[in-house]
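Asks: quick one, fold the following:
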Amino acid sequence: MLISNVILGVFLISQLCVGVIGNTSLFILYIYIFFFMPHFKKLIDMFFMHLTIVNMVTIVFILIPDIMASFGVPNFLDDVGCKVVLCIYRISRGLSISTTCILSTFQAVTVTPSNSQWAWLKPKLSTWTFSSLLCSWLINLAIYGYMVETVMAKTNSTHVGRVYLHAYCQSRNLGNQNSRPFISIISMYDLFYVSIMMWTSLYVVILLYRHRKRAQYLRSTSLSSQQSPELRATHSILLLVSCFVILYWLNNFITLYGFYAQTKIPGLEAVNAFWATCYPTICPFLIMKNNKLILHFTSSFSALRMTCFQRARHG
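Replies: You can find the predicted model right below:
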């Protein structure tokens, strides 16, 4: 066993722990809000709860096989295991893309001005919340159900040719002409959702920028120099979208390289797993950044810690 593989395995375990803890904490927070603080509850929280579940599933089903491979565990997945793991991973990844897109669209409709041509969508948001998530599930199940017949356990660790990039699994005839429609559907599906997400996020940023410009005329010089809530929201949107787009295309680039490369690079599966789980890992922390309840708990905890420190100092 190479020491580099052990280090990589420990690194992936750390990422697994951080991702699961972050998404679990955020999910518990929304459960707590739902039952004990309903006045904090918002319609968009349903999307966040769904996204945290999808993120946890994605992290677990991507990282655990690569962690086992890093520590040299042989034959961790058989044919059935490969079908289950890869299908669940691809479905959860597709749900992550579609849910992020729906979130971005939901936000764009919410902040759109009342005189906008999209304002008529606002009253329909509450009725479209569940149906949009249900459609995402049905579409992803329909698309990636095809993978059940195309994946199997690896028969050769030094396999060459066009195969799916995974530590224990490989694709069956994924590079022939019969599979090209499937690959085209996946590509168009991803591009469709990513394009909508980028367009709606840019629309929100433009709206917030214009609102900030108008608000500056109504503020004094001392207040306008402070960072407004609109500016903080703009930075959060830009950060979330930028992280998603950069990590999404980087993951796709490594996946395509591993698929088309005739000679496979050892350890590339683990590197690809790391990049594929970066967004699900950091996503909950980006969401928590501007959560009112989190900020309230943080400020209360800081005040309590300062009080305890002062008492211990004077006591």
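
Asks: how many other residues sit next to Val111?
Replies: The number of residues packed near Val111 is 16, by other C-beta atoms under 10 Å. In this view, the C-beta of every residue, glycine as well, is placed from N, C-alpha and C.

Asks: how close does it sit to Leu240?
Replies: Val111 sits 15 Å away from Leu240, going by C-beta to C-beta, to the nearest Å.

Asks: next: Asp190.
Replies: 18 Å.

Asks: cool, and Lys124?
Replies: Distance, Lys124 to Leu240, by C-beta to C-beta: 24 Å.

Asks: ok, now Ile3?
Replies: If you measure Ile3 against Leu240 using C-beta to C-beta, the figure is 36 Å.

Asks: between the two, which has more neighbouring residues?
Replies: Remark: of Ile3 and Leu240, Leu240 carries more neighbours, 21 against 7, as counted by other C-beta under 10 Å.

Asks: pLDDT score assigned to that one?
Replies: We have a pLDDT of 75 for Leu240.

Asks: my guess is it contacts Leu286, does it?
Replies: Yes. The pair Leu240 / Leu286 is scored as a contact, 5.2 Å apart, by C-beta atoms under 8 Å.

Asks: tell me where the stretch 101-250 of the chain has helices.
Replies: Assigned helices in the stretch 101-250 of the chain, in chain order: 125-144, 180-216, 221-224, 229-260 (criterion: DSSP state H, counting those that start in this stretch).

Asks: by contact count, what packs against the first one?
Replies: In terms of contact count using 3 or more C-beta pairs under 8 Å, 6 or more residues apart in numbering; DSSP states H and E, helix 125-144 is assigned the packing partners helix 45-70, helix 79-111, helix 180-216.

Asks: and for the longest one?
Replies: The elements that helix 180-216 packs onto, with contact taken as 3+ C-beta pairs under 8 Å, 6+ apart, are helix 79-111, helix 125-144, helix 229-260.

Asks: mind putting those into TSV with distance to Val151?
Replies: Shown next, in TSV, are those (distance: least, C-beta to C-beta, whole Å):
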stretch	distance to Val151
helix 79-111	5
helix 125-144	11
helix 229-260	13
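
Asks: between the ones you listed, which one is nearest to Phe47?
Replies: The closest of the helices and strands packed on helix 180-216 to Phe47 is helix 79-111. By C-beta to C-beta, the value is 4.9 Å.

Asks: right, I'll call it a day here.
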